[in-house]
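Student: Take a look and give me a structure for this.
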Amino acid sequence: MTTPNPQKPARLVIADVDGTLVTQEKILTPRAVQSVMALRAAGIKFAVTSGRPPRGMAMLIDPLKIDEPLAAFNGGVITKPDMTTIVRENFLPRAMVEKVIQIILDHKLDVWIYTGRDWYVRDVNAPHVAREQWTVKFAPIVVPGFDNLLENVAKVVGVSDDLEAVQRCEKDTQEACGNRASAARSQPYYLDVTHPKANKGEVVLAMSELLNIPADQIATIGDMPNDVLMFRKSGVSIAMGNASPEVQKSATYVTASNQQEGFAEAMEKFVLQKRAAN
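Tutor: Sure thing, here's the model as predicted:
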């Protein structure tokens with residue numbers, strides 16, 4: 001964990017969703033909801049970002065009374081809570097989509113494609129498809145291949161339960177694509193590949209601009225390597241207790257796990273108490 005520097009009180013919290021805001025069972029707990037309401041009562045705005053598609057975050061809007069833009073696909077699509085008004089979108093070029101698909105297949109991972117609205121898979125019975133459908137609350141479209149789906153792609157996902165293979169694929173994709181794409185694991189079994197401006201560091205900068213809040217007055221919280229990018233851009237960062245040691249070392253603070261109300265604890269201890277103290 002990094003040594004905290006004197007920070008300005010947070011005016012905005014940006015939270016990752018899976019592994020952070022919700023439990024392993026994808027449950028939004030009453031205490032998590034209450035902590036978000038407490039942020040608002042203190043005059044602190046709240047936004048979410050995730051590798052999920054926009055429709056996959058719809059279930060958070062009403063219980064959390066979200067009125068700020070939602071950054072889906074790690075910032076690939078930023079939409080207003082009405083889910084129809086697109087604020088920003090960053091799609092992968094066709095040639096990059098083709099290249100990434102080949103790299104993923106070469107590593108023996110399954111491939112998923114997300115366009116701005118839909119999700120495509122080759123096998124509905126493949127690993128994690130059912131789990132993803134339960135999580136995002138809509139079904140994939142099954143296709144024999146992706147040759148006709150290379151335009152307007154927001155995210156390509158490599159999927160495997162061979163976690164070392166996913167890690168190797170991440171490294172090789174990063175090396176092959178350089179700064180032309182963003183490749184990072186959103187879960188140990190998922191490799192998300194998006195436009196270079198579709199990463200969580202860029203989400204912080206985009207939210208700063210859209211809401212007119214300096215980045216040093218934004219707090220971020222997450223659990224995976226792709227969350228480290230937003231840690232680096234924000235004034236204060238919080239890693240979940242279920243995050244890896246490397247992710248925890250990248251954050252200003254570490255809270256409890258998502259199974260132990262770590263999100264709510266972080267809001268109470270590192271955001272609300274800090275604001276009250278100032």
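Student: Can you tell me the element residue 78 falls in?
Tutor: strand 77-79 (DSSP states H and E).
Student: would you list every one of the helices in this protein?
Tutor: Taking DSSP state H, the helices of the chain run over residues 30-41, 58-64, 94-106, 129-136, 163-177, 200-211, 228-233, 245-249, 262-266, 273-277.
Student: same for the fifth one, what does it pack against?
Tutor: Put plainly, it is helix 163-177. helix 94-106, strand 153-159, strand 182-187, strand 190-194 (3 or more C-beta pairs under 8 Å, 6 or more residues apart in numbering; DSSP states H and E). C-beta: built from backbone N, CA, C; applies to glycine.
Student: Please name the residues that touch the most centrally placed residue in the chain.
Tutor: Nearest to the geometric centre of the chain sits residue 50, at 2.5 Å (C-alpha atoms, centre = their mean). Taking C-beta atoms under 8 Å, 6 or more residues apart in numbering, we find residue 50 in contact with 16-18, 56-57, 71-72, 74, 186.
Student: related to what we said a few turns ago, mind checking the helices and strands packed on helix 163-177 for the one nearest to residue 228?
Tutor: Nearest to residue 228 among those is strand 182-187; the distance by C-beta to C-beta comes to 8.5 Å.
Student: As CSV, could you dump the C-alpha coordinates of that closest one?
Tutor: Output of strand 182-187 as CSV, limited to C-alpha atoms (Å, rounded to 0.1, in the frame of the first residue of the first chain):
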residue,chain,number,x,y,z
SER,A,182,-6.1,-1.7,-24.1
ALA,A,183,-5.8,-5.3,-22.9
ALA,A,184,-6.3,-6.2,-19.2
ARG,A,185,-8.0,-8.9,-17.1
SER,A,186,-11.3,-7.8,-15.6
GLN,A,187,-11.5,-11.2,-13.9
